[in-house]
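Asker: only the shape, not the letters, is given here:
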């Protein structure tokens, strides 16, 4: 059984390939120029490779680590030709993401025996947070799980209504106390609703304000405590949603949120609309937080479980 037949059907692979087209165009054109006419990986090739990685928004620190790994391979093997460079890059990038906790999982699921499973979703406004929640709910609903969406983003105009529209579209339960209500109370009552109504999973939306980190930290802390008060051990997952098309700004947002919340997983949206897909590598390396989902298109079924091997294969194919 091939790797892709096990983890990805043809349609999913094509979606991932297409979403990385812009990133590949810039990245590989630079690599091609770097190795043109070269028979070995020398200092000039490494300099060009470094430039290609940086331009793909991998980030300086992560780029340096990748280059150092390639340099170590050159020193170890003594002679490294340019035809081997892509394969070595694949291997080193997959290994780096493995070291950062990103696992290759096969399907949308959560630990058996954990009911309801509470997923708290955070991220700034505009990154596709609510859309990601809707797509997640759709995936879980298709697997036969009973899902409730909790509208704890009670400050942004239209946020509650937007989540309600997604719940209706997906056909899942919805809990709201309306606009300008206490987000922690919504989180508490959504968890209680999930418990009382035998829901398998509760996905709770939150406000995405970063202007005042102190207020954000206090608010997220209060939400976290209110959920745990109702269900010890919850929330079971804190998912940070980032917009891949913003490149290094996404990395900066991750830095801000990881400073105030116990992030356990990442979702990268809008991968299909950017040449900055390399930011995935930088975020994975910098924060040591598993990347769990990637958005590869606008339609409801275009949210994929992130698989590092599939990602690297598509990036280098």
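Answerer: Great, that's in hand. All values reported here derive from a predicted model rather than from experimental measurement.

Asker: how about the strands in the stretch 51-200 of the chain?
Answerer: For the stretch 51-200 of the chain, the strands defined by DSSP state E, counting those that start in this stretch occupy 117-122, 147-152, 173-175.

Asker: give me whichever of the ones you listed is most buried.
Answerer: Of all these, strand 147-152 has the most neighbours on average by mean count of other C-beta atoms under 10 Å, namely a mean of 28. For the C-beta atoms, the positions are set from N, CA and C on the backbone; glycine is no exception.

Asker: now do that one and strand 117-122, the angle between them.
Answerer: Here strand 147-152 runs at an angle of 40 degrees relative to strand 117-122 (axes from the mean of the first three to the mean of the last three C-alpha atoms, to 10 degrees).

Asker: same for strand 147-152, what does it pack against?
Answerer: helix 129-142, helix 159-170, strand 173-175, helix 183-196, strand 201-206 (3 or more C-beta pairs under 8 Å, 6 or more residues apart in numbering; DSSP states H and E).

Asker: of the ones you listed, which is nearest residue 251?
Answerer: Residue 251 lies closest, by C-beta to C-beta, to one member of these: helix 129-142, at 17.1 Å.

Asker: make a markdown table out of the strands of the stretch 51-200 of the chain and add distance to residue 312 and mean pLDDT.
Answerer: Output for the strands of the stretch 51-200 of the chain, formatted as a markdown table (distance: least, C-beta to C-beta, whole Å; pLDDT from 0 to 100):
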| stretch | distance to residue 312 | mean pLDDT |
| --- | --- | --- |
| strand 117-122 | 27 | 96 |
| strand 147-152 | 31 | 97 |
| strand 173-175 | 38 | 98 |
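
Asker: indicate which one of these is closest to residue 275.
Answerer: It is, among the strands of the stretch 51-200 of the chain and with distance given as C-beta to C-beta, strand 117-122, at 26.4 Å.

Asker: strand partners (parallel or antiparallel) of that closest one?
Answerer: Next to strand 117-122 in the sheet, as set by DSSP bridges, lie strand 201-206 (parallel), strand 237-243 (parallel).

Asker: one step back: tell me which of the helices and strands packed on strand 147-152 approaches residue 234 most closely.
Answerer: helix 183-196 (6.4 Å).

Asker: in stretch 133-145, what's buried?
Answerer: 133, 134, 135, 136, 137, 138, 139, 140, 141, 145 (16 or more other C-beta atoms under 10 Å).

Asker: model confidence over it, on average?
Answerer: The average pLDDT for stretch 133-145 rounds to 95.

Asker: list the buried residues in stretch 36-49.
Answerer: Neighbour-count burial for stretch 36-49 flags 41, 45, 46, 48, 49 (criterion: 16+ other C-beta under 10 Å).

Asker: one more: stretch 149-163?
Answerer: 149, 150, 151, 152, 153, 154, 155, 156, 159, 160, 162, 163.

Asker: tell me the pLDDT at residue 126?
Answerer: pLDDT for residue 126: 87.

Asker: same question but for residue 99, I mixed them up
Answerer: So residue 99 comes in at 84 (pLDDT).

Asker: one more: the one 4 residues further on?
Answerer: According to the predicted model, the pLDDT of residue 103 comes to 76.

Asker: for the residue nearest to it when sequence neighbours are not counted, grab the count of nearby residues.
Answerer: Closest residue to residue 103 apart from its sequence neighbours, by C-beta to C-beta, 6 or more residues apart in numbering: residue 290 at 6.3 Å. Counted with other C-beta atoms under 10 Å, the neighbours of residue 290 add up to 18.

Asker: list the contacts for residue 290?
Answerer: Contacts of residue 290 were listed using C-beta atoms under 8 Å, 6 or more residues apart in numbering, and they are 100, 101, 102, 103, 264, 265, 266.

Asker: do the same with residue 235
Answerer: Taking C-beta under 8 Å, 6+ apart as the test, what residue 235 contacts is 118, 119, 120, 204, 224, 227, 228.

Asker: so it sits in a helix?
Answerer: No - using DSSP: H, G, I helix; E, B strand; the rest coil, the assignment for residue 235 is coil, not a helix.

Asker: could you pull up phi and psi at it?
Answerer: phi -70, psi 150 (degrees, to the nearest 10).

Asker: how far away is it from residue 261?
Answerer: Between residue 235 and residue 261 the computed distance is 10 Å (C-beta to C-beta, to the nearest Å).

Asker: overlap of the contact sets of those two?
Answerer: Shared contacts of residue 235 and residue 261 (C-beta under 8 Å, 6+ apart): residue 224.

Asker: going along the chain, name the helices of the stretch 1-150 of the chain.
Answerer: Applying DSSP state H, counting those that start in this stretch to the stretch 1-150 of the chain gives helices spanning 3-7, 10-19, 21-35, 43-55, 60-77, 85-99, 129-142.
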